[in-house]
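K.L.:
predicted model and sequence follow; I will ask about them next.
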Amino acid sequence: MSPNAQAGLGQPPVTGQSSATAIVRTSGLFVLLALVALPWADFAISTSDPWQILGRMGWGLLTPDFSRPGDILVALANTLAFALQGVILGVAGGFVLSLGYTLAPVRAFAAFIRGIHELFWALLFIQLVGLSPLAGVLALAIPYAGTFAKIYGELYEEVDPASAQALPAGAGFLSRFFYTCLPQALRPMRIYTSYRLECGIRASAVLGFIGLPTLGFHLETALRQGMYSEAAALFYALVVVIATLRFWLKGVLLPLYAAAALFWLPPVATLDWAVLVRFFTEDVVPQPWRSLGADADFWQSLEVLGPWLQRLWTQQVAHGLVNTLVLAILALIATSVVTLLWFPLISPLFGGRLRRAGGHLFLVWMRCAPEYLLAFAGLLLWGPSMLPAMVALALHNGAIIAHLVGRYSAGIGLRDDAATGINRYFYEVLPRIYRPFMAFTLYRFEILMRETALLGMIGVPTLGFYIDSAFSEFRFDRAMVLLLITAMLNLLVDALARHLRRRLHLSSQPESL
Amino acid sequence: MSVAALFELQQGSLAYGGERVLRDIDLRVMPGEKIALLGPSGAGKTTLLRQLRHQQAAKVAWCPQQPGLVPMLSVFHNIYMGQLDAWPWWRNLANLAWPLPGPRAQIRALATELGLGDKLFTSVDRLSGGQQSRVSLGRALYQHRPVFMGDEPVSALDESQADQLLGLVLARHETAVVALHDVALALRHCTRIVGLQGGELVLDCASERLSEQALLAFYAH
């Protein structure tokens, strides 16, 4: 909507205009992009009776089956052990990287390792070190280190430099950092880190879908076999753990948890050196190079690589890229719609205490469910198409942003005679929350993009689909190229979102996203 | 002869968190009266106004001290918001997306009277404080209600503008209760002066029986 519609009405330009113009135009551009993408989207429903399946899933959610508590507890312990070890290792790595975050190569490296989704890292490490605890821990730790480096690095930049300037000139970099920068950034760092642990628990659960012994492993089995009551019990276990996080996750207890995690699931693997060596010297070498003689010069090797890359591009990359972008932009719009529909559920401007409590409960549920799990359920419901992927992304991310927007709206003071209901929503509240809403959504875009690529693993031919196929066909050379392209795409989207946030003067604070 | 009072407080008291803001106020507002509320800040003027408004909220065009405008919406939309309750939501929505011709003509005329004719589609966060309080007055005027209640509605304006706009607003409403701090302005425009101090009613008098000196002396206490 344009609060500044005079431009189209043939009136003389007025001095000064609406502060909303830029942001409204950008939103319009995104909607336009989504409309352009729509014809490419595949929303076909291929299951015969989705309503019946939905009914059975709903019934399962109402009748969770806790008859095998042992299995659930073991899977839960595994999930937590992977998450704790992975995130702690990620924090350590990210912290070291963040010290050099002002250097462009460090920033690029951090961006690259977080540009590859943890599930792809898991696929890679499973090839290298087998289906072992080490594979799961590393798969979480590496991309998380990249994320922590970025968040910590950006938080240091926000710190008031006055205290550092007040130090004696001879103070070294590290003393300066530990005495002035770190203490000031520590609080937001802790908040963000604990939020990331929540993400880590979800991610750890999802690692089960590719074979690691976490909740996802049992969830996939139960869902595939249509045992929705058992699946519901596993899901509830995950929800309870995540929803109660702030009660049991205490700084002082962390060493204890870490020790327990190490004891429960030592991050070891039986390394097969022959496999490792073969992987790096043969498997990942582009296929045309393998038959090349050792005496081939640089130009020759380029010459043979060209057609191979071109074939890969036309057969997989182009298609995968288009689908990834189409799905990402549609998911972004769907997420926005869900956000704008749901934030009133928890906003004090729209409901009483009871209704808000219900809203909070609902949003917590929705955000506890990992996208991958929602998409998998959608896949059973509608068959493989973009529909389950888009719905899953929209529900999960919409719930998270709705939570943030709802919380923001609590700070808005309205006049005594302010309108109510729909009038209040559109005139009083929407214009006021639109800017933070846009900031949160653009911040989330990068995450949406990573997940979009990933959801290929449930059958939508995005880049993730081809990466998954390459791994299962043991074509690691292809997998590497596709992974590189995925990482590049994520870097681009990240840069674009940052550019838009700056241009629209939106806050770049990470909040708890 | 007896005319029913529009608003009435008998022994009206109000306490917030144990602290009494208003005590034993007896006040009747008759139709046609233009009442100025005077008193030092913290005297309870705002609280009294809100109490009165709640008695007949539907009849009152309200102009609070904090205008509560929506910063990123235009002057047009902020004034239009005075009539949100008068129209179905879908019409309001259409008007938000694309200003409708009817309201546009009316609000343009109103904005011109308020000296905002060239700012109709400027978002109010790009306006000065004085311009914003004119938008707030515009919203009250656009409500077309019989009673105006304003809490320092012209205090952000310079003297001559305050004089002119207060005159305009009072002329457009049958009855008005306005908190003011400018004694001369109150005497010139209002028919009755009500003075508050420490939550108590200390003065209630027709303005023709008061002089500026007497009122300033009252303030000095």
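P.N.:
On my side now, so go ahead. Model, not experiment: these values are computed from the prediction.
K.L.:
C-alpha from now on. contacts and neighbour counts both.
P.N.:
OK.
K.L.:
what does chain B put close to chain A?
P.N.:
For chain B, the residues in contact with chain A (CA under 8 Å from any CA of the partner chain) are B:62, B:64, B:67-68, B:70-74, B:77, B:81, B:84-85, B:89, B:92-93, B:96-99, B:118-119, B:121-126.
K.L.:
put the buried members of these into a PyMOL selection.
P.N.:
Buried members of the residues of chain B next to chain A, defined by 16 or more other CA atoms under 10 Å in any protein chain shown, are picked up in PyMOL with:
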select buried, chain B and resi 62+64+67+68+70+71+72+73+74+77+81+84+89+92+93+96+98+99+119+121+122+123+124+125+126
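K.L.:
which of the residues of chain B next to chain A fall in helices?
P.N.:
B:H77, B:W89, B:N92, B:L93, B:L96, B:A97 (DSSP state H).
K.L.:
was I right about the third one contacting A:R424?
P.N.:
No - contact between B:N92 and A:R424 fails when scored by CA atoms under 8 Å: they sit 10.6 Å apart.
K.L.:
in contact with A:I201, which residues?
P.N.:
With contact set as CA atoms under 8 Å, 6 or more residues apart in numbering or on different chains, A:I201 has these partners: A:T79, A:L80, A:F82, A:A83, A:L84, A:I242.
K.L.:
can you flag the buried ones in these?
P.N.:
With burial judged by 16+ other CA under 10 Å, the buried subset of those is A:T79, A:L80, A:F82, A:A83, A:L84, A:I242.
K.L.:
got JSON lines for the ones in helices among the residues of chain B next to chain A, with pLDDT too?
P.N.:
As requested, those are arranged in JSON lines below (pLDDT from 0 to 100):
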{"residue": "B:H77", "pLDDT": "95"}
{"residue": "B:W89", "pLDDT": "93"}
{"residue": "B:N92", "pLDDT": "95"}
{"residue": "B:L93", "pLDDT": "94"}
{"residue": "B:L96", "pLDDT": "93"}
{"residue": "B:A97", "pLDDT": "91"}
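K.L.:
and which of the residues you listed is nearest chain A?
P.N.:
Closest approach to chain A among those (CA to the nearest CA): B:A97, at 4.5 Å.
K.L.:
quick one: low-confidence ranges for chain B?
P.N.:
With pLDDT under 70 as the threshold, chain B has low-confidence stretches at B:1-2, B:16-18, B:219-221.
K.L.:
ok, now which ones touch the residue positioned nearest the centre of it?
P.N.:
Compute the mean C-alpha point of chain B, and by CA atoms, centre = their mean the closest residue is B:G150, 1.6 Å away. By CA under 8 Å, 6+ apart, the residues touching B:G150 are B:L49, B:W62, B:C63, B:P64, B:Q65, B:V177, B:V178, B:A179.
K.L.:
can you rerun that using 10 Å?
P.N.:
For B:G150, the contact set (CA atoms under 10 Å, 6 or more residues apart in numbering or on different chains) comprises B:36-37, B:46, B:49-50, B:60-65, B:136-137, B:140, B:169, B:176-180.
K.L.:
just the ones of those residues in strands?
P.N.:
Residues of those located in strands (DSSP state E): B:A36, B:L37, B:V60, B:A61, B:W62, B:C63, B:A176, B:V177, B:V178, B:A179.
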